[in-house]
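J.: Sequence first, then the predicted structure:
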Amino acid sequence: MSKFADIQIDRGIVKRAALGDVRAHEIIYRAFSTPVYSICLRFTKAPANAEDLVQETFIEVMRSIAQFRGEAALGSWIRRIAVTKSLMFLRSAWTKRGQSLADDWDDMTAGEPVSHGISSHPDDAMDLDAALASLPDVSRAVVWLHDVEGFTHKEIAGLMGKTESFSKSQLSRAYLRLRPMLSVNHVAQPDGAAVGSY
């Protein structure tokens, strides 16, 4: 889970920020800029784009904080803005590339894992960040939102303008693609024997 929930901001600071207090804005920015950057980087994979999205997120936060009712934690509200900005960025990128939000999954995943640059040797196993980075944008976003940020399929569907079944199918397909990248099929023993899957 992200660090958003761990960050506590005094309600008085939020009220001051809603009134336009620059110092209160700075306190909120300093408290949340690192987790916002982290989530934006997960979506964009490019530091420059993530930095731009951090700025866009906090422009929106400061513009809208007067409407923040405090029904949820401030961190949850800011996280949702960051996710929305990141998804808007990805949608823009998909549009520019003429790619649909649905991904043509079969074109991306046809064939054996080795054909996608995934080694069949466990010593070459990829770490989680590299595995996630290898996923198509939509699938990576769904995995991150569902498994790391804790969004439900209904919430993901709402954020992406799709159905719950779309979110579920993207997650399932992403798991199929991630599994061979993250699993160790055989571990060599000192005598040359191998043990089974982990």
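T.: Nice, I can see it. As the structure is a computational prediction, the values presented were derived from the model and not from experiment.

J.: what residues are up against the residue lying closest to residue 60 once chain neighbours are set aside?
T.: Spatial nearest neighbour of residue 60, excluding adjacent residues (Cβ to Cβ, 6 or more residues apart in numbering): residue 81 at 5.2 Å. Glycine gets a C-beta too; all of them are placed from N, C-alpha and C. Contact partners of residue 81, counting by Cβ atoms under 8 Å, 6 or more residues apart in numbering, are 57, 60, 61, 64.

J.: Residue 82 is in contact with the second one, correct?
T.: Looking back up the chat, that one is residue 60. No: in this structure, residue 60 is not within contact of residue 82 by Cβ atoms under 8 Å, at 9.1 Å.

J.: Mind checking which of these two has more residues around it?
T.: With neighbours defined as other Cβ atoms under 10 Å, residue 60 and residue 82 compare such that residue 82 has more, 29 against 15.

J.: in which helix or strand would I find that one?
T.: Using DSSP states H and E, residue 82 sits in helix 74-97.

J.: Buried residues, that helix. List them.
T.: 74-75, 77-83, 85-87, 89-90, 94 (16 or more other Cβ atoms under 10 Å).

J.: And stretch 34-46, by the same measure?
T.: 35, 36, 37, 38, 39, 40, 41, 42, 43, 44.

J.: and what of stretch 46-61?
T.: Applying 16+ other Cβ under 10 Å to stretch 46-61 flags 49, 50, 53, 54, 56, 57, 58, 61 as buried.

J.: Can you tell me the SS state at the residue nearest to the spatial centre of the chain?
T.: The chain has residue 144 as the residue nearest its centroid, 3.8 Å off, counting by Cα atoms, centre = their mean. Per DSSP: H, G, I helix; E, B strand; the rest coil, the secondary structure class of residue 144 is helix.

J.: List the contacts of it.
T.: 39, 42, 43, 132.

J.: what do you get if the cut-off is 10 Å, keeping everything else the same?
T.: Contacts for residue 144 (Cβ atoms under 10 Å, 6 or more residues apart in numbering) come out as 2, 39, 42, 43, 83, 86, 132, 135, 151, 156, 174.

J.: Noted, bye for now.
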